[in-house]
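Undergrad: A structural model of the following input is requested.
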Amino acid sequence: MSVELNHTIVHCRDNRESAEFLADLLGLTVGEEWGPFVPVVLANSVTLDFATIPAASITPQHYAFLISEAEFDTAFARIQAMGIDYFADPHQKIPGEINHNDGGRGVYFPDPSGHGMELITRPYGGRPRPCRTACSSSTPPPSSW
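TA: The predicted model follows:
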């Protein structure tokens, strides 16, 4: 049996604002509102369903997004253009810098509801990206990943 994450609910102060923030930053599309949710679908088909709740009820969570080097360039330029505070570390001790962990690049920043967002270009531990197309265990992922 294969197990995949299908969706998760992201509590926020304003579902539309938070969904548009992430989608605009990462070049994604905001889906049609469905009940209390505003969805954003990621490249691996996982859906983030943004749901408005009272601000006092929001528990900040951490969301890490594995993106390409080119996507990082674009998203990081948007973070800077929007004047968003960013950090090289999750504890916000190194402001205004990115990290180069595992031979890639990474950055941490808050979303409008205070969630800790992270962009990385290499998975933790330097593991290769999983195959996005059918590949056997004997076929390594493309070197561009």
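
Undergrad: Ala19: which element?
TA: If you go by DSSP states H and E, Ala19 is part of helix 15-26.

Undergrad: Tell me which residues are up against that helix.
TA: Here helix 15-26 makes contact (CB atoms under 8 Å, 6 or more residues apart in numbering) with 10, 12, 28-30, 33, 36-40, 48, 50-52, 65, 67, 71, 75, 78-79, 82, 111-113, 117. All C-beta atoms are positioned from the backbone trio N, CA, C, and that covers glycine.

Undergrad: same question, stretch 62-80
TA: Contacts with stretch 62-80, where a contact means CB under 8 Å, 6+ apart, come from 10, 24-27, 42, 48, 86, 90, 98, 104-105, 107, 109, 111, 115-123, 129.

Undergrad: okay, it in PDB with CA atoms only?
TA: Provided in PDB are the C-alpha atoms of stretch 62-80 (Å, rounded to 0.1, in the frame of the first residue of the first chain):
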ATOM      1  CA  HIS A  62       5.900  25.100  10.300                       C
ATOM      2  CA  TYR A  63       5.600  24.400   6.500                       C
ATOM      3  CA  ALA A  64       8.700  23.600   4.400                       C
ATOM      4  CA  PHE A  65       8.600  23.700   0.600                       C
ATOM      5  CA  LEU A  66      11.100  22.000  -1.500                       C
ATOM      6  CA  ILE A  67      11.600  24.100  -4.700                       C
ATOM      7  CA  SER A  68      14.100  24.300  -7.500                       C
ATOM      8  CA  GLU A  69      17.000  26.800  -7.600                       C
ATOM      9  CA  ALA A  70      15.200  28.900 -10.200                       C
ATOM     10  CA  GLU A  71      12.000  28.900  -8.100                       C
ATOM     11  CA  PHE A  72      14.000  29.900  -5.100                       C
ATOM     12  CA  ASP A  73      15.500  32.900  -7.000                       C
ATOM     13  CA  THR A  74      12.000  34.000  -7.900                       C
ATOM     14  CA  ALA A  75      10.400  33.500  -4.500                       C
ATOM     15  CA  PHE A  76      13.300  35.000  -2.600                       C
ATOM     16  CA  ALA A  77      13.100  38.100  -4.800                       C
ATOM     17  CA  ARG A  78       9.400  38.400  -4.000                       C
ATOM     18  CA  ILE A  79      10.100  38.000  -0.300                       C
ATOM     19  CA  GLN A  80      12.600  40.900  -0.500                       C
END
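
Undergrad: Nice, that's everything, thank you.
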